[in-house]
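In: model the structure of this input:
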Amino acid sequence: MKIAKFMASLAAGALIALPAFAVELKIGLQDDADALDPAQSRTFVGRIVYTALCDKLVDVTPDLKFVPQLATSWKWSDDGKQLIMELRQGVKFQDETPFNAQAVVDNIQRYQTLPESRRKSELSSVAKVDATGEYEVTFTLKAPDVTLLAQLSDRSGMMVSPTAAKATGAKFGDHPVCSGPFKFVERVQQDRIVLEKFQDYWNKDNIFIDKVTYLPIPDTTVRLANLRSGDLDMIERVAASDVATVKGDPNLVYADAIGTGWLGVYTNVGNGPRADNPMGKDKRLRQAFSLAIDREAAMQIVYDGTGLAGNQPFAPNSPWFDKDVPVPARDVDKAKALVKEAGFDRIPVELAVANNPVAMQMMQIIQSMVAEAGFDVTLKTTEFATLLDAQSSGNYQLSRSDWSGRSDPDGNIQQFVTTGAGLNDSKYSNPEVDKLLLDARQSQDNIVRKQKYDAAEAILNDDLPIIFLGHQAWIWAYNKKVSGFMPSPDGMIRLVGVKKSG
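Out: Modelled structure (predicted):
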């Protein structure tokens, strides 16, 4: 009898506990995230996870407008050197630490001073940040910087628990504690990241998912197969070649948005000993490599008409695109002439590429194209996070990498090409480019900003520390049981308002 009562009690307890994970959403990602610390991370999929894990001071709408998240309002001083933000009250971090102005100060200072931080260049204009009230914070700038709001709408504005950050330091990513709608449960590298609903979230009434599991599946075919079988509820970056399949499946919903980012090939021009190679030392070879590529054909083949060919950090349909530097037509004869002028007949090149089918297909096409101009390209495939580590450390000659894009143009260029910037893996350095991009940051006149970006782009198009290839659309597919998802040009998967029926 006691055993029967015990089993009955156990069953009742299980029924009570079950609703905590009654609604689970499984999302297939193209890559595994790197460190789950906004200070250190740089992967696109990491940002997708943060969208659920870490609230920011400012968010971005699908039409790329800045809207409140943890900051409820803000204003600039007349001279543009101060940004005053009013903060949301009643917010807690996932370890119950209260969110207030001092927490913002602690976070910004961490991003500026942590040795491992990649946010330093993004916040380089900030001279100091002060708690000017319990729920008011004031950023004082070294010089006007209109891009700061954009930075605060991304990782530089993500608020992590000061308590947890102080306790764990550079190891914060092992068990991140933030202020978003979902809190960290576990991570198994290359397998899964699991989050569960944070019951004290300030906007919990609009969170309808109890558990979210992110699964890295680099193979787009396998990712789609898992979605169609029901093992996944949603996938990001559907291959363009699979769009017809998705649209033809009555159990799936298709969504897309033209992205703000770019596809490119990094060239190591100054990042350690491996920059000492012909491609790194002679811009004529980089120019030849670029001229040997038929961007229109490559984008059409790989992205099946869903993307745009490009040669700049801004897409041809962007108001920031410099029409005086159009996407170059393929010119093999001119490419050969440049190779010969540089003193070569054939040039061996090692090009690192992530081990996903779409990136591989693009690079195999380019490998074949540039061979006609004298480039013998060896493709080195690796997992994406490993590729990024190699880029950071300078262990590469050329490396194919993408940028997910930002709402402000500065976020698509400054941190990749200015001296000492956090994502300048080429270690390119040109004082004139540095000044032009700094001037663009400081002007609130978009006409002036455009002139500065155009001037910088003219130099970059000649030096080619990054060889831009094009701009892709973000494509999602999800089970028809999922509703409330809003596609956005930033490629994020925001779970506020998302539901999943039984």
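In: now do the contacts for Ser73.
Out: 85-86 (CB atoms under 8 Å, 6 or more residues apart in numbering). The C-beta positions use only the backbone N, C-alpha and C, and glycine is treated the same way.
In: how about 6 Å then?
Out: Glu86 (CB atoms under 6 Å, 6 or more residues apart in numbering).
In: ditto for Lys26
Out: Counting by CB under 6 Å, 6+ apart, Lys26 makes contact with 213, 232-233.
In: okay, those residues in CSV with pLDDT next?
Out: Output for the contacts of Lys26, formatted as CSV (pLDDT from 0 to 100):
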residue, pLDDT
Thr213, 98
Leu232, 98
Asp233, 98
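In: next, Arg47: secondary structure please.
Out: On the three-state scheme (DSSP: H, G, I helix; E, B strand; the rest coil), Arg47 is labelled helix.
In: mean confidence score for stretch 325-345?
Out: Averaged across stretch 325-345, the pLDDT comes to 97.
In: oh sorry, the question was meant for stretch 94-104
Out: Averaged across stretch 94-104, pLDDT comes to 98.
In: repeat that for stretch 398-413.
Out: For stretch 398-413, the per-residue pLDDT values average out at 90.
In: between the two ends of that stretch, how far is it?
Out: By CA to CA, to the nearest Å, the extent of stretch 398-413 from end to end equals 18 Å.
In: all further residue positions should be reported with the first residue as 50.
Out: All set: I'll call the first residue 50, so the last point we hit is now stretch 447-462.
In: grab the nearest non-local neighbour of Asp451.
Out: In space, and not counting its chain neighbours, Asp451 is closest to Leu312: 5.1 Å by CB to CB, 6 or more residues apart in numbering.
In: doesn't Ile516 make contact with that neighbour?
Out: No. Contact criterion CB atoms under 6 Å: Leu312 and Ile516 do not qualify, at 9.9 Å.
In: neighbour count: those two, which is higher?
Out: In this view Leu312 and Ile516 are compared by other CB atoms under 10 Å, and Leu312 has more residues nearby, 27 against 21.
In: which residues in the stretch 50-199 of the chain form helices?
Out: Along the stretch 50-199 of the chain, the stretches classed as helices by DSSP state H, counting those that start in this stretch are 51-66, 93-102, 150-162, 197-201.
In: ditto for the stretch 250-399 of the chain
Out: Going by DSSP H, counting those that start in this stretch, the stretch 250-399 of the chain shows helices at 269-278, 292-297, 327-330, 332-340, 344-352, 381-390.
In: which among those is found nearest to Asp503?
Out: Ranking these by distance to Asp503, with CB to CB as the measure, places helix 332-340 first at 18.7 Å.
In: contacts for stretch 441-452 next, please.
Out: Here stretch 441-452 makes contact (CB under 6 Å, 6+ apart) with 310-312, 314-317, 320-321, 323, 326, 328, 399-402, 408, 412, 439-440, 474.
In: can you point out the buried residues in it?
Out: Buried residues in stretch 441-452, defined by neighbour count with 16 or more other CB atoms under 10 Å: 441, 443-452.
In: starting at the chain centroid, how far to that stretch?
Out: For stretch 441-452, the gap between its own C-alpha mean and the chain's C-alpha mean amounts to 15 Å (CA atoms, centre = their mean, to the nearest Å).
In: which of the helices of the stretch 50-199 of the chain comes out lowest on mean pLDDT?
Out: The weakest mean pLDDT among the helices of the stretch 50-199 of the chain belongs to helix 51-66, with a mean of 41.
In: give me the number of residues near Lys476?
Out: Neighbour count of Lys476, defined by other CB under 10 Å: 17.
In: again, but for Val209
Out: Val209 has 30 neighbours, counted by other CB under 10 Å.
In: what's the answer for the one 3 residues further on, then?
Out: When neighbours are defined as other CB under 10 Å, Thr212 has 16 of them.
In: please apply the same query to Gly218.
Out: 12.
In: could you do Asp325 as well?
Out: Burial of Asp325 is recorded as 11 neighbouring residues (other CB under 10 Å).
In: for Trp251, same thing?
Out: Trp251: 17 surrounding residues under other CB under 10 Å.
In: do Thr121 as well
Out: Counted with other CB under 10 Å, the neighbours of Thr121 add up to 13.
In: I figured it was touching Met134, is that so?
Out: No. Counting by CB under 6 Å, Thr121 does not reach Met134; the two are 8.2 Å apart.
In: just the element for the residue lying closest to Asp373 once chain neighbours are set aside, please.
Out: Once flanking residues are discounted, Asp373 sits nearest to Asp503: 6.8 Å by CB to CB, 6+ apart. Following DSSP states H and E, one finds Asp503 within helix 495-512.
In: what pLDDT does Phe70 get?
Out: pLDDT for Phe70: 51.
In: hang on, I meant Tyr184
Out: pLDDT for Tyr184: 98.
In: pretty sure it sits against Gln138.
Out: Yes. Counting by CB under 6 Å, Tyr184 does reach Gln138; the two are 5.4 Å apart.
In: then stretch 363-373 to PDB, C-alphas only?
Out: Output in PDB follows, covering the C-alpha atoms of stretch 363-373 (Å, rounded to 0.1, in the frame of the first residue of the first chain):
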ATOM      1  CA  PHE A 363      26.700  47.600 -48.600                       C
ATOM      2  CA  ALA A 364      24.400  45.800 -51.000                       C
ATOM      3  CA  PRO A 365      23.600  47.400 -54.400                       C
ATOM      4  CA  ASN A 366      20.100  48.100 -53.200                       C
ATOM      5  CA  SER A 367      21.300  50.000 -50.100                       C
ATOM      6  CA  PRO A 368      21.400  53.800 -50.000                       C
ATOM      7  CA  TRP A 369      25.000  53.500 -48.800                       C
ATOM      8  CA  PHE A 370      26.200  51.600 -51.900                       C
ATOM      9  CA  ASP A 371      28.800  53.600 -53.900                       C
ATOM     10  CA  LYS A 372      27.600  53.600 -57.500                       C
ATOM     11  CA  ASP A 373      30.900  54.900 -58.600                       C
END
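In: now do the buried residues in it.
Out: 363-365, 367, 369-371.
In: how many neighbours does Lys114 have?
Out: By other CB under 10 Å, 9 other residues sit near Lys114.
In: how about Asp240?
Out: Using other CB under 10 Å, the number of residues around Asp240 comes to 10.
In: so which residues of the stretch 50-199 of the chain form strands?
Out: Listed in chain order, the strands of the stretch 50-199 of the chain (DSSP state E, counting those that start in this stretch) span 73-78, 107-109, 115-117, 120-125, 131-136, 175-182, 185-190.
In: mean confidence for the first one?
Out: For strand 73-78, the per-residue pLDDT values average out at 98.
In: hey, what's the angle from it to helix 269-278? Just curious.
Out: Angle of strand 73-78 versus helix 269-278, following axes from the mean of the first three to the mean of the last three CA atoms, to 10 degrees, is 160 degrees.
In: relative to Trp123, how far out is Phe115?
Out: Distance, Phe115 to Trp123, using CB to CB, to the nearest Å: 9 Å.
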